[in-house]
Each structure stands twice: as structure tokens, then as C-alpha cells.
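Peer 1: Need coordinates for the below:
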Amino acid sequence: MGTLTYGLNVSVDGYTADANGGLDWSTPDDELHQYWNDRTGDVALSLYGRKLYELMSAHWPTAGDAPDVSPVEAEYARLWLAMPKVVFSQTLESVDWNSRVERGDVVEVAKRLKAETEGLMEVGGATLAAPLIRAGLVDEFHILVTPVAIGGGTPFFPSLDRWLTLELVGNRTFRSGAVLLRYKSVRA
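Peer 2: Predicted coordinates:
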């Protein structure tokens with residue numbers, strides 16, 4: 001059975017995107033980017049919503065070929081292209097780059113995929129993660145707190161109808177001042 005993780009860069013006030021959907025505040029330096037590269041290289045299957053998939057697929061397929069690309073970004077581009085992806089969408093007709101479309105109920109499909117997948121799975125994006133968190137399917141959270149407050153936007157955690165108890169299983173401080181907090185879900 002797969003281990004489902006959810007991790008993103010998060011502002012110090014708890015947001016994954018600003019009020020306009022912007023992510024410029026979260027651009028990682030090379031050390032932080034390497035952390036994401038290392039994680040991506042370990043992922044057996046990544047779950048995407050349409051918006052995040054379109055954002056990522058508009059950039060990463062050609063990013064590794066840009067003349068000014070850093071080695072860490074070129075590595076991420078290769079890793080992203082190779083990583084198996086499931087894209088949840090009712091509107092996309094097709095997807096590329098080692099991806100496939102799922103149209104079913106997110107929670108039910110994620111349960112099936114966890115049962116079928118060996119190794120590390122990840123869910124990308126707060127909107128797609130919300131129903132999976134509420135259903136208790138997320139096994140581990142990787143909260144990469146970036147030292148900037150943005151005052152509003154998309155929260156990392158959705159509103160919950162019950163408490164979510166977590167156990168700290170790791171932390172790391174980066175030179176940039178970003179702090180990784182790794183939590184495991186504690187299930188009763």
C-alpha cells in the first residue's frame with residue numbers, strides 16, 4: 001500500500017498561494033529546490049488537480065532546455081517529466097508527460113490508487129488535498145514554512161470538521177530561513 005503525502009511551500013501565516021493565486025513569494029533557492037528534487041525522485045505516483053497540472057506542464061517540459069537554467073532546475077525538469085502523474089479533471093481531454101486523467105470521485109480513486117501503489121505517493125495542491133485530508137487519507141504532511149507573511153490566499157489546511165492530530169517525525173532548517181516540518185497523521 002502506498003504512503004500518501006502532502007507537502008508544499010507555505011507562507012509563515014499558512015498559505016500556499018496568495019490572494020491572487022500567485023506563488024512568486026515561494027520561489028525556492030537551490031538548497032530548497034534540491035530538497036524538492038530529492039522528494040520528487042522518490043515519488044512513485046503524484047496526484048494533480050487540473051490547475052496545478054496546467055501550471056506545471058506549461059513550464060517543466062521545456063524548462064530543462066532553457067539556456068539560463070540552473071543545474072538543480074534542469075534536474076527537476078527531468079524528474080518531473082519521468083514521474084507518473086494522475087490528473088483529476090472533468091474537462092481535460094488528454095494529458096502528456098507520463099500522466100493520465102481520472103474523472104472519478106477524488107476520495108474513491110485515491111483509496112484505490114493507495115491500495116495499488118507501492119511506495120511514496122504525493123498529492124499536489126491544496127484544493128485537491130482538501131477532500132483527501134478530510135477523508136483521513138493523507139499519511140504524512142511536509143510543511144515547508146517560508147519566511148514571508150502574505151496576509152491571505154489559499155490555506156495549506158482546509159477547514160476541518162474534527163481535529164487532525166499529528167506527530168512530528170522530522171524537521172530541517174534551510175539557509176534561507178525556511179523550515180521543513182514533517183508530520184505523520186495519528187489515527188485513533
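
Peer 1: so where do the strands sit in this protein?
Peer 2: 3-11, 15-18, 43-49, 85-88, 99-102, 120-124, 140-146, 153-155, 166-173, 179-185 (DSSP state E).

Peer 1: how close does the closest residue to Ala63 other than its chain neighbours sit to Glu140?
Peer 2: Spatial nearest neighbour of Ala63, chain neighbours left out: Ala77 (4.5 Å); criterion: CB to CB, 6 or more residues apart in numbering. Heads up, the C-betas are built off the backbone N, CA and C, glycines and all. Distance of Ala77 to Glu140, given as CB to CB, to the nearest Å: 25 Å.

Peer 1: and if you look at Thr146?
Peer 2: 19 Å.

Peer 1: now swap in Lys51 and tell me
Peer 2: 23 Å.

Peer 1: ok, the residue most central in space within the chain - contacts?
Peer 2: By CA atoms, centre = their mean, the chain has its centre lying nearest to Gly124, at 3.1 Å. Gly124 makes contacts with 8, 46-49, 52, 56, as judged by CB atoms under 8 Å, 6 or more residues apart in numbering.

Peer 1: Phe141 touches Tyr6, doesn't it?
Peer 2: Yes. Here Phe141 reaches Tyr6: they are 5.6 Å apart, a contact under CB atoms under 8 Å.

Peer 1: more crowded one of these two?
Peer 2: Tyr6 (26 against 21; other CB atoms under 10 Å).

Peer 1: ok, now how distant is that one from Pro61?
Peer 2: Tyr6 is 24 Å from Pro61, by CB to CB.

Peer 1: I figured Gly2 hits Ser46, correct?
Peer 2: No. Between Gly2 and Ser46 there is no contact under CB under 8 Å: 11.1 Å.

Peer 1: between these two, which one's more packed in?
Peer 2: Taking other CB under 10 Å, Gly2 and Ser46 do not tie; Ser46 has more neighbours (23 against 19).

Peer 1: Show me the beta-bridge partners of that one.
Peer 2: Lys85, Glu122 (DSSP bridges).

Peer 1: Per-residue confidence, it, what does it come out as?
Peer 2: Note on Ser46: pLDDT of 98.
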